[in-house]
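> output the structure for:
(chains A and B)
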Amino acid sequence: QKEVEQNSGPLSVPEGAIASLNCTYSDRGSQSFFWYRQYSGKSPELIMSIYSNGDKEDGRFTAQLNKASQYVSLLIRDSQPSDSATYLCAVLVYTDKLIFGTGTRLQVFP
Amino acid sequence: DGGITQSPKYLFRKEGQNVTLSCEQNLNHDAMYWYRQDPGQGLRLIYYSQIVNDFQKGDIAEGYSVSREKKESFPLTVTSAQKNPTAFYLCASSIGGKNEQFFGPGTRLTVL
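Residues are numbered from 1 along each chain as shown, chains lettered A, B, ... in the order given. So this is what the prediction gives:
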């Protein structure tokens, strides 16, 4: 079992829709969770961090964390073509290392 | 203007040569990291350092070496012992080991 799992996609959504990206992790002791956006050929950019169960909102982005079920998700409301990118889920595990999923490619079409 | 810089952006190397990738940050972060990204794979940790003059191996350290003589700088040397060095190399930093990591623009290394 991989430590951090994501569906590779592509996830295709129409402009204006809600995009839902999911991530599961195996280390029950993990306390810190991050979402990065990576455009093709560029480096990852941190867009959300979440540490407690529940929802955390920042603009059009909402991160959701459920530690009991060991999943974290990212919702993007009013999706725009400029949101088309690969979204990386990262989890800080007990060794204080950040473990990354392989990413979900999101395509927003006009 | 605070940030993380990496140079060069693109690097070509012949087999058998060692190359050094530069990473500098002016964010006053204590921790610095090197990752490697291959197509279709997640980022994999090569080395990390949480304090000057100290560093630890990550998951794929073989064939790589680092130094941390200054807080701002964490260069990575890709040695000839690294069997498959062609990849996108990313440097990151954070305030401390448990905090958010921020990435530099990356160096794309190609071995000819």
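> let me see the contact set for residue 75.
Just going to use chain A. A:Ile18, A:Ala19, A:Ser20, A:Leu21, A:Phe61, A:Thr62, A:Ala63, A:Gln64 (Cβ atoms under 8 Å, 6 or more residues apart in numbering or on different chains). All C-beta spots, glycine's among them, are computed from the backbone N, C-alpha and C.
> not what I meant, chain B
By Cβ under 8 Å, 6+ apart, the neighbours of B:Pro75 are B:Thr20, B:Leu21, B:Ser22, B:Cys23, B:Val66, B:Ser67.
> most neighbours out of these, which is it?
In terms of neighbours by other Cβ atoms under 10 Å in any protein chain shown, the contacts of B:Pro75 top out with B:Cys23 at 24 neighbours.
> next secondary structure element downstream of the host helix or strand of it?
Per DSSP states H and E: B:Cys23 is located in strand B:19-25. Where DSSP H and E defines the elements, the next helix or strand beyond strand B:19-25 is strand B:31-37.
> neighbouring strands - and their directions - for that next one?
In the sheet, strand B:31-37 lines up against strand B:44-51 (antiparallel), strand B:87-94 (antiparallel) (DSSP bridges).
> quick one on the thing from earlier: tell me which of the contacts of A:Leu75 is nearest to chain B?
Minimum separation from chain B among those (Cβ to the nearest Cβ) is found for A:Ala63, which lies at 12.9 Å.
> the closest one is in what secondary structure piece?
Going by DSSP H and E, A:Ala63 is in strand A:61-66.
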